[in-house]
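K.L.:
With the input below, show me the fold.
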Amino acid sequence: LPIKIAVARDRAFSFYYQDNLDILQELGAELVFWSPLSDSSLPADVQGLYFGGGFPEVFAQELAENMGAIEAVRRVIIQGMPTYAECGGLMYLCEKIIDFEDKSWLMAGILPTTAVMGKRLTLGYRQATALQESPILLVGTRVWGHEFHRSQLTVMAENPLFEIRGYEDRKQDGLATEGWQMYQIHASYLHLHWGSCPEIPARFLKCCQEFR
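P.N.:
Okay, the predicted model is just below:
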């Protein structure tokens with residue numbers, strides 16, 4: 001039986017590398033697209049969640065008002081369903097999003113932090129080394145990705161997912177930490193292209209297959 005992955009795709013979550021989705025399908029996954037904006041529940045019988053990037057801050061009120069989706073996501077994540085969330089997906093898993101007008105909207109409430117929109121754009125290529133085991137990476141795995149976001153988190157993880165350095169940083173003091181790993185979540189601002197690291201989708205599907 002194919003491993004079914006629920007992929008959040010709508011106006012709020014629209015940034016995906018098509019290659020990542022293609023690779024999952026090539027490895028035998030069945031991708032089931034759903035909308036955290038308009039669907040009141042998750043697709044049936046899924047074994048993993050994939051939240052891409054996008055602009056959840058623009059649609060924060062609609063996301064917050066769809067309590068059915070939020071509760072469904074909370075329930076399966078707490079049960080240990082493997083979940084990959086990057087950038088906008090990370091923001092959706094936070095307690096709240098505070099939008100550009102300073103309005104506060106309740107989100108999934110899995111990660112004990114709030115995403116606050118601001119004027120400053122965080123942008124650039126990063127080299128990231130995994131500090132925690134996650135559904136896609138083993139400790140010590142090194143990956144490249146990029147950041148592009150105007151939100152900042154109010155609380156950083158006590159045990160962060162990544163140690164990161166900018167592409168420009170040649171010195172050790174360029175190091176920073178980022179990302180969350182709890183339950184079976186990999187949540188980060190980093191957009192990763194899986195083509196350069198085939199063990200990522202393979203490990204993710206293995207974790208999903210083991211989830212019951």
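K.L.:
Mind checking what secondary structure the residue nearest the centre of the chain has?
P.N.:
Nearest to the geometric centre of the chain sits residue 85, at 1.1 Å (Cα atoms, centre = their mean). Three-state call for residue 85 (DSSP: H, G, I helix; E, B strand; the rest coil): strand.
K.L.:
which residues does it contact?
P.N.:
49, 50, 51, 92, 93, 185, 186, 187, 188 (Cβ atoms under 8 Å, 6 or more residues apart in numbering). For every residue, glycine as well, the C-beta is placed using N, CA and C.
K.L.:
let's see it at 6 Å
P.N.:
By Cβ atoms under 6 Å, 6 or more residues apart in numbering, residue 85 lies in contact with 51, 93, 187.
K.L.:
my guess is the last one meets residue 180, correct?
P.N.:
Yes. Under the criterion of Cβ atoms under 6 Å, residue 187 is in contact with residue 180, at a separation of 4.3 Å.
K.L.:
ok, then the element right after the longest strand along the chain?
P.N.:
Determined from DSSP state E, the single longest strand within the chain is strand 111-130. Toward the C-terminus, strand 111-130 is succeeded by strand 142-153 as the next helix or strand (DSSP states H and E).
K.L.:
Report the buried residues of the helix or strand that that following strand is followed by.
P.N.:
Going down the chain from strand 142-153, the next helix or strand is strand 162-166, by DSSP H and E. For strand 162-166, the neighbour count (16 or more other Cβ atoms under 10 Å) marks 162, 163, 164, 165 as buried.
K.L.:
Same check on stretch 11-24?
P.N.:
In stretch 11-24, the ones that count as buried by 16+ other Cβ under 10 Å are 12, 13, 16, 17, 20, 21, 23, 24.
K.L.:
For the closest residue to residue 6 other than its chain neighbours, what are phi and psi?
P.N.:
With sequence-adjacent residues excluded and distances taken as Cβ to Cβ, 6 or more residues apart in numbering, residue 6 is closest to residue 46, at 4.2 Å. Per-residue torsions, residue 46: phi -90, psi 150 (degrees, to the nearest 10).
K.L.:
Compute the number of surrounding residues for residue 46.
P.N.:
Using other Cβ atoms under 10 Å, residue 46 has 21 neighbouring residues.
K.L.:
And residue 49, by the same measure?
P.N.:
For residue 49, using other Cβ under 10 Å, the count is 25.
K.L.:
what's the answer for residue 196, then?
P.N.:
Neighbour tally, residue 196, other Cβ under 10 Å: 11.
K.L.:
Quickly list what the residue lying closest to it once chain neighbours are set aside is bridged to.
P.N.:
Spatially, and ignoring its direct neighbours in sequence, residue 196 is nearest to residue 144 (6.8 Å; Cβ to Cβ, 6+ apart). With DSSP bridges applied, residue 144 shows beta-bridge pairing to residue 127.
K.L.:
roughly how far apart are residue 144 and residue 212?
P.N.:
In this view, residue 144 and residue 212 are 34 Å apart by Cβ to Cβ, to the nearest Å.
K.L.:
Between these two, tell me which one has more neighbours.
P.N.:
Using other Cβ under 10 Å as the criterion, residue 144 and residue 212 rank with residue 144 on top: 14 against 7.
K.L.:
Look up how far residue 27 lies from that one.
P.N.:
Distance from residue 144 to residue 27, by Cβ to Cβ: 21 Å.
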